[in-house]
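**Q** Structure of the sequence below:
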Amino acid sequence: MENPMLAAVKTLLKETFEGPEANGSWYTESKPGSGLFGTLEGLSAEDASIPVNGTTIAAQTDHTRYYLWVARSYLNGEEPDKDWEASWKITSVDTNTWTQFTSELQHEYTSLLTTIDSLDSLDEQTVTGMLGAIAHSAYHLGSIRQMIKAIKVPSQN
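**A** Numbering: from 1, shown residues only. This is a model prediction of the structure:
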């Protein structure tokens, strides 16, 4: 039987990235495409490169990917070399880079779920790290959704 804490963590991570399941939502909108992958899906590299309040959707996306990598590294007992500022330096991306960013985000998300499935025991630091990954990713999902509203403002005639 699966550990209830691990099951809850995976449920909330899946909602954050994949969107809510058919039977409802814990905290995102209860409609398809509400997760991070659905939110990013229709964005072009140009959209992802538009600055909003000093950052871009591309930077938010890469920062989220980076955070997942750091969290996964810690869960695997590794001490990663961290450079938190690097992802925030991204100002624009071309189509290939944007595709790479979204693919790498998907890879890190999938890898984190695999790591969670491999955990034998849970201590306070491990649980806190997993919950932090949910909170941090949800924060950036909200930020990106607000940025999209800012760049997709309907023209005023």
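**Q** give the contact list for residue 49.
**A** 56-58, 91-93 (Cβ atoms under 8 Å, 6 or more residues apart in numbering). All C-beta atoms are positioned from the backbone trio N, CA, C, and that covers glycine.
**Q** can you do 7 Å?
**A** 56, 58, 92-93 (Cβ atoms under 7 Å, 6 or more residues apart in numbering).
**Q** does residue 81 count as helix, strand or coil?
**A** coil (DSSP: H, G, I helix; E, B strand; the rest coil).
**Q** Show the pLDDT at it.
**A** Residue 81 is assigned 86 on the pLDDT scale.
**Q** Repeat that for residue 64.
**A** For residue 64, pLDDT reads 97.
**Q** what's the pLDDT at the closest residue to it other than its chain neighbours?
**A** Leaving out its chain neighbours, the residue that sits closest to residue 64 by Cβ to Cβ, 6 or more residues apart in numbering is residue 140, at 4.6 Å. At residue 140, the model reports a pLDDT of 97.
**Q** buried subset of the contacts of residue 49?
**A** Buried subset of these (neighbour count, 16 or more other Cβ atoms under 10 Å): 56, 58, 93.
**Q** From what I see, the first one and residue 89 are in contact.
**A** I take that to be residue 56. No: the criterion here is Cβ atoms under 7 Å, and residue 56 misses it with residue 89 at 10.4 Å.
**Q** what's residue 93 in contact with, if anything?
**A** 45, 48-49, 58, 101 are the contacts of residue 93 under Cβ under 7 Å, 6+ apart.
**Q** Make sure it is indeed in a helix.
**A** No: counting by three-state DSSP, residue 93 is not found in a helix; it is coil.
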